[in-house]
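Student: After the sequence you'll find the predicted model.
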Amino acid sequence: MHFVDFVRVTSDVCQGFHTCLTIIEANRCKDTDAPYAEINMENCPLLVPGQSDALQEFAIASSWLLHDFAQKQVNSINAHGVAQIETMNFIRKALKPDAE
């Protein structure tokens, strides 16, 4: 995976976290114990029972996905980073005009 792909996935997953947690929080704020006769659109929960749990499970699964992508990126950097630096140094030396 290229670094730009990793950044793109990270951005998408974080936006999903934010959306899920915002909906869960908004639902919690609207959750009420008001008697049925007093319930109106202003204090109705946004989600039916179970949807909040499903969103939370989705956020947890997404965090593991992001962790897996991050670990693969770290492993790739550890495996290839030194070799890439050595190659770039060799190319720089080869392109550098002789000082003599």
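Tutor: Sure thing, it's come through.

Student: Going by C-alpha atoms from here, please, whenever you check contacts or count neighbours.
Tutor: Noted.

Student: which element is Lys72 on?
Tutor: Element membership of Lys72 [criterion: DSSP states H and E] is helix 51-95.

Student: Show the average pLDDT along that helix.
Tutor: The predicted model gives helix 51-95 an average pLDDT of 85.

Student: Leaving aside the residues adjacent along the chain, what's closest to Ser62?
Tutor: Spatial nearest neighbour of Ser62, excluding adjacent residues (CA to CA, 6 or more residues apart in numbering): Val13 at 6.5 Å.

Student: Measure how the host helix or strand of the one you found sits relative to helix 51-95, angle-wise.
Tutor: Secondary structure assigned from DSSP H and E places Val13 in helix 3-30. Angle, helix 3-30 to helix 51-95, by axes from the mean of the first three to the mean of the last three CA atoms, to 10 degrees: 160 degrees.

Student: Could you pull out the buried residues of helix 3-30?
Tutor: For helix 3-30, a neighbour-count test (16 or more other CA atoms under 10 Å) marks 6, 9-10, 13-14, 16-17, 20, 23-24, 27, 30 as buried.

Student: Among these, which one lies nearest to Asn75?
Tutor: Distance to Asn75 across the buried residues of helix 3-30 (CA to CA) is lowest for Phe6, with 12.9 Å.

Student: From Phe6, how far out is Phe69?
Tutor: With distances taken as CA to CA, to the nearest Å, Phe69 is found 7 Å from Phe6.

Student: what is the mean pLDDT for stretch 15-26?
Tutor: Mean predicted confidence for stretch 15-26 is 88.

Student: contacts for it?
Tutor: When contacts are defined by CA atoms under 8 Å, 6 or more residues apart in numbering, stretch 15-26 is touched by residues 46, 52, 55-56, 59, 62.
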